[in-house]
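A.B. asks: Sequence and predicted structure, then a few things I'm wondering about:
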Amino acid sequence: MDLSFLDEFKRMNKRQMYYQVLNFGMIVSTALMIWKGLMVVTGSESPIVVVLSGSMEPAFHRGDLLMLTHDPHGPIRVGDIVVFKIEGREIPIVHRVLKVHEKENGYAKYLTKGDNNSVDDRGLYAPGQYWLERKDIIGKARGFVPYIGIVTILMNDYPQLKYVILATLGIFVLVKREN
């Protein structure tokens, strides 16, 4: 393995090394600020999600990147594509609203189903749960970018890839000197 890129580190003085570390920190900080800004603008705790399965085909494919918004008082209707989280599960689910039961006081319950699934989602919900409530819904899909999220899927399927990519980016940022 060629480790000639380490020669760059040896040629840097302390000031240049500090500059590169600060530069790397600014890149990470900027990414976090953009994410937090998207959370504020969209009102969603997760403004961007990746479709992880084929349950929503043909509308969305595995690896599509969805942009979400969350209006806690806005209507959710039959046909809306929502992202919801089930108690006891870490990964949010992207499915279409199949039925809505609304009461006169404004309380509503929702039943969802993946477009490519033969049955509704009651089997996915927590034990004893037959409907989703508003608190379970993270957001509604407002747009998507096809297949751009496949990188996320690859990094989850092959965790070593995640570390290789992050290490490569980190080394690149630290070694790359501006003239």
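C.D. replies: Looks like it arrived, so ask away. Computed from a predicted structure; not experimentally measured. Residues are numbered from 1 along each chain as shown.
A.B. asks: low-scoring pLDDT stretches of the protein, where are they?
C.D. replies: Residue ranges of the chain with pLDDT under 70: 1-10, 176-179.
A.B. asks: which stretches of it form strands?
C.D. replies: Per DSSP state E, the chain carries strands over the ranges 48-50, 65-69, 81-84, 93-102, 108-113, 137-145.
A.B. asks: Who are the packing partners of the longest one?
C.D. replies: Right, the one you point to is strand 93-102. Here strand 93-102 touches strand 81-84, strand 108-113, going by 3 or more CB pairs under 8 Å, 6 or more residues apart in numbering; DSSP states H and E. All C-beta spots, glycine's among them, are computed from the backbone N, C-alpha and C.
A.B. asks: So what are the sheet partners of that strand and their directions?
C.D. replies: strand 81-84 (antiparallel), strand 108-113 (antiparallel) (DSSP bridges).
A.B. asks: Most tightly packed of the helices and strands packed on strand 93-102?
C.D. replies: For the helices and strands packed on strand 93-102, the largest average neighbour count (mean count of other CB atoms under 10 Å) is found in strand 81-84, namely a mean of 22.
A.B. asks: Helices of this structure, residue ranges please.
C.D. replies: 6-11, 14-42, 150-157, 159-175 (DSSP state H).
A.B. asks: what comes into contact with stretch 146-161?
C.D. replies: 50-52, 61-65, 162, 165 (CB atoms under 8 Å, 6 or more residues apart in numbering).
A.B. asks: Quick one, which of the strands paired with strand 93-102 gets closest to Trp35.
C.D. replies: Closest of the strands paired with strand 93-102 to Trp35 is strand 81-84, at 16.2 Å (criterion: CB to CB).
A.B. asks: got a list of what the residue nearest to the spatial centre of the chain touches?
C.D. replies: By CA atoms, centre = their mean, the chain has its centre lying nearest to Val49, at 3.0 Å. The contact partners of Val49, by CB under 8 Å, 6+ apart, come to 65-66, 68, 83, 92, 94, 138.
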